[in-house]
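Asker: need a structure here:
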Amino acid sequence: MFTALYQLLTQLHVHNPVQMCSDQGMGQVEYSTVRSLIVLCPVCGEEMEFTEEDLSEIQLGDILGCNACETELEVLNTGENLELEPLALYTVCPKCDKEFEITEEMLAKGDKVSCPHCKYHFELEFEED
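Answerer: Predicted structure coming up:
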């Protein structure tokens, strides 16, 4: 029975299901569990583990980082329905004043980008927060 319960808890991502077992009085056993939530990185698919304490501190709009691919991820939903989305970079074309997203492909080519609206080529300038 104990083995089946342990397997069930680990399948439900309840890690360390028997962190502490000790006899209490008349042979009763006390169990302490550490629950965590596993979320897959939307970019690389690696597992990201969040404890209940982590989940209680995360707020909408927070930026979290994936340890595997180092992508910055924005929190779109909190709690047990935690939803993460890659943080998008946007810029405004200095010629046509239209905003557009800077893609990974654009960044891979260097600091020069081409506006998808007017095709103007310009160099990106990054500001530190």
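
Asker: residue contacts, the closest residue to Val92 other than its chain neighbours?
Answerer: Closest residue to Val92 apart from its sequence neighbours, by Cβ to Cβ, 6 or more residues apart in numbering: Glu99 at 5.1 Å. (Each C-beta comes from the backbone N, C-alpha and C, glycine too.) With contacts taken as Cβ atoms under 8 Å, 6 or more residues apart in numbering, Glu99 has the following neighbours: 90-93.

Asker: let me have those residues in JSON lines, extended by pLDDT.
Answerer: Putting the contacts of Glu99 into JSON lines (pLDDT from 0 to 100) gives the following:
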{"residue": "Tyr90", "pLDDT": "83"}
{"residue": "Thr91", "pLDDT": "88"}
{"residue": "Val92", "pLDDT": "91"}
{"residue": "Cys93", "pLDDT": "94"}
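
Asker: pick the one among the residues you listed closest to His121.
Answerer: Closest approach to His121 among the contacts of Glu99 (Cβ to Cβ): Cys93, at 10.1 Å.

Asker: ok, back up a step: distance of the residue nearest to Val92 relative to Ala88?
Answerer: Going from Glu99 to Ala88 by Cβ to Cβ, to the nearest Å gives 11 Å.

Asker: all helices for this protein, in order.
Answerer: 2-11, 52-57, 104-108 (DSSP state H).

Asker: buried ones in the shortest one?
Answerer: To tie it back to what came earlier, the one meant is helix 104-108. By neighbour count on 16 or more other Cβ atoms under 10 Å, the buried set for helix 104-108 is Met106.

Asker: use 229 as the first number from now on
Answerer: With 229 as the first residue, the last one maps to helix 332-336.

Asker: touching it from outside, list them.
Answerer: 317, 341-342.

Asker: next one: that helix to chain centre, how far?
Answerer: Distance of helix 332-336 from the chain centroid (Cα atoms, centre = their mean, to the nearest Å) equals 21 Å.

Asker: many thanks, I have nothing further to ask.
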